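# Structure of the sequence below:
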Amino acid sequence: MPKTKLTLYVDKETVDLAKKISAYKGKSISEMVSSYLNSEASKINNLKVSDAVSKWIGVVKTDKTYKELKEEIITEKIEKYENIS
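The predicted structure follows:
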């Protein structure tokens, strides 16, 4: 795969640390960054979402978090069942 230049802005201490780690591991900083990003991408790609959930991804547009939506649904169910008795 052809390589493309990427410019990162980090503090001097981080640059010095990256150079030391690079020398210790015998890998270039580019190799280390690439390896790290590929590792993180594989973690994300390995997250399993059930078929029942995956068909609904992107269907609902909301600014609420999952926790807020869950609490809202639970509250609605409690109120519904309280009114039954």
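# what ranges of the chain fall below the confidence cut-off?
46-47, 49, 85 (pLDDT under 70).
# Pick out the residue closest to the middle of it.
Compute the mean C-alpha point of the chain, and by Cα atoms, centre = their mean the closest residue is residue 44, 6.2 Å away.
# Remind me which helix or strand that residue belongs to.
In this structure, residue 44 is located in helix 29-45 according to DSSP states H and E.
# At which residues are the helices of this structure located?
12-25, 29-45, 51-54, 66-84 (DSSP state H).
# that older thread, and the helix holding residue 44, which residues are buried?
Along helix 29-45, no position meets the burial threshold by neighbour count (16 or more other Cβ atoms under 10 Å). Backbone N, C-alpha and C define where each C-beta goes, glycine included.
# now that helix, how far from the centre of its chain.
On the basis of Cα atoms, centre = their mean, to the nearest Å, the separation between the geometric centre of helix 29-45 and that of its chain is 13 Å.
# among the helices of the chain, which is nearest residue 2?
When the helices of the chain are compared by Cβ to Cβ, helix 29-45 sits nearest residue 2, at 13.1 Å.
# And the closest one, what does it pack against?
With contacts defined as 3 or more Cβ pairs under 8 Å, 6 or more residues apart in numbering; DSSP states H and E, the secondary structure elements packing on helix 29-45 are helix 12-25.
# In PDB, list the C-alpha atoms belonging to the helix it packs on.
The C-alpha coordinates for helix 12-25 follow below in PDB (Å, rounded to 0.1, in the frame of the first residue of the first chain):
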ATOM      1  CA  LYS A  12       8.300  18.300  22.700                       C
ATOM      2  CA  GLU A  13       8.200  15.800  25.600                       C
ATOM      3  CA  THR A  14       6.000  13.500  23.500                       C
ATOM      4  CA  VAL A  15       8.300  13.700  20.500                       C
ATOM      5  CA  ASP A  16      11.300  12.900  22.700                       C
ATOM      6  CA  LEU A  17       9.400   9.900  24.200                       C
ATOM      7  CA  ALA A  18       8.400   8.700  20.800                       C
ATOM      8  CA  LYS A  19      12.000   8.800  19.600                       C
ATOM      9  CA  LYS A  20      13.200   6.800  22.700                       C
ATOM     10  CA  ILE A  21      10.500   4.200  22.200                       C
ATOM     11  CA  SER A  22      11.200   4.000  18.500                       C
ATOM     12  CA  ALA A  23      14.900   3.400  19.200                       C
ATOM     13  CA  TYR A  24      14.200   0.800  21.900                       C
ATOM     14  CA  LYS A  25      11.800  -1.100  19.700                       C
END
